[in-house]
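A.B. asks: When you get a sec, could you give me coordinates for this:
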Amino acid sequence: MEVLVLTLASLFAGFIDSIVGGGGLILVPALFSVLPGTAPATLLGTNKSASVWGTAAAAAQFHHRVGLRWHTLLPAGALAFAGSLAGAWAVTVVPGDFLRKLLPLVLVALLLYTLARKDLGHHHAPRFSGRAELLATCSIGVLLGLYDGFFGPGTGSFFVFLFVRWLGYDFLNAAGSAKLLNTMTNLGALLLFGLKGHVLWPLALTMAVANVAGSVIGARVAIRHGAVFVRKVFIVVVGALILKTAYDAFFR
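C.D. replies: Residues are numbered from 1 along each chain as shown. Down below sits the predicted model:
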């Protein structure tokens, strides 16, 4: 029964995560609820080991059906991977409590901005090309890689928002690019968790299969319904993130 519950949670998490991120809102609480006696680091490592396959599968779907700008995303992905490792190391020497209380406020500002700009992300009109595009994409990769390794909640949604607001992507193309970079940040975290033995591999592999299935379905739904649909899901997921992070920061 435990495996069944976590497999279903991983399936749904993959579906949501493939569209705008936020799968951790579903899968991490499910792991902590079903396996309360397991070390938190092991549960987080198991979550990463399942979700990394889902984000990679979603990125592949977006590549085949929408297209990705590989000449900028590959260097940015390498920096996102390195940033994730650096952020995970920073956790051991720098307290992250300040981010816990700041994050809900940042998410509220992001949500209000998105709601105020009703046409935000509806049209794909990249603002940069050449070196400027490479620099902007790499900056997003390394900064959010650091954030994901150091703290983590909402990384996928932050990727989407920055691709839309800064680079001028529509929500559909932003979601595809976000999946590739988020895969690299997940890989960095998984490497550390795996080396330290914080992954329940048999369970993780079962959850990974379900996560991939959910991610493929979610990516295809997003591609079929387009940028306006992805924007709506983005607003819902960010709203849920605000509630979850505010509870963790101020009421737990």
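
A.B. asks: mind exporting stretch 211-221 as PDB, just the C-alpha atoms?
C.D. replies: Taking C-alpha atoms only, stretch 211-221 is exported to PDB below (Å, rounded to 0.1, in the frame of the first residue of the first chain):
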ATOM      1  CA  ASN A 211       7.000  10.300 -12.500                       C
ATOM      2  CA  VAL A 212       8.200   9.900 -16.100                       C
ATOM      3  CA  ALA A 213       4.700   8.800 -17.200                       C
ATOM      4  CA  GLY A 214       3.100  11.800 -15.400                       C
ATOM      5  CA  SER A 215       5.600  14.100 -16.900                       C
ATOM      6  CA  VAL A 216       5.100  12.900 -20.500                       C
ATOM      7  CA  ILE A 217       1.300  13.300 -20.100                       C
ATOM      8  CA  GLY A 218       1.700  16.700 -18.500                       C
ATOM      9  CA  ALA A 219       4.100  18.000 -21.200                       C
ATOM     10  CA  ARG A 220       1.700  16.800 -24.000                       C
ATOM     11  CA  VAL A 221      -1.200  18.500 -22.300                       C
END
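
A.B. asks: What residues sit buried inside that stretch?
C.D. replies: Using 16 or more other Cβ atoms under 10 Å as the test for burial, stretch 211-221 gives 211-219. Any C-beta I mention is one placed from the backbone N, CA and C, and that applies to glycine too.

A.B. asks: Serialize those residues to JSON lines and add fields for secondary structure and distance to T185.
C.D. replies: Compiled in JSON lines, these are given as follows (DSSP: H, G, I helix; E, B strand; the rest coil; distance: Cβ to Cβ, whole Å):
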{"residue": "N211", "secondary structure": "helix", "distance to T185": "16"}
{"residue": "V212", "secondary structure": "helix", "distance to T185": "18"}
{"residue": "A213", "secondary structure": "helix", "distance to T185": "22"}
{"residue": "G214", "secondary structure": "helix", "distance to T185": "19"}
{"residue": "S215", "secondary structure": "helix", "distance to T185": "16"}
{"residue": "V216", "secondary structure": "helix", "distance to T185": "20"}
{"residue": "I217", "secondary structure": "helix", "distance to T185": "23"}
{"residue": "G218", "secondary structure": "helix", "distance to T185": "19"}
{"residue": "A219", "secondary structure": "helix", "distance to T185": "18"}
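
A.B. asks: which of those lies closest to I16?
C.D. replies: Using Cβ to Cβ, G218 is the member of the buried residues of stretch 211-221 that lies nearest I16, at 6.7 Å.
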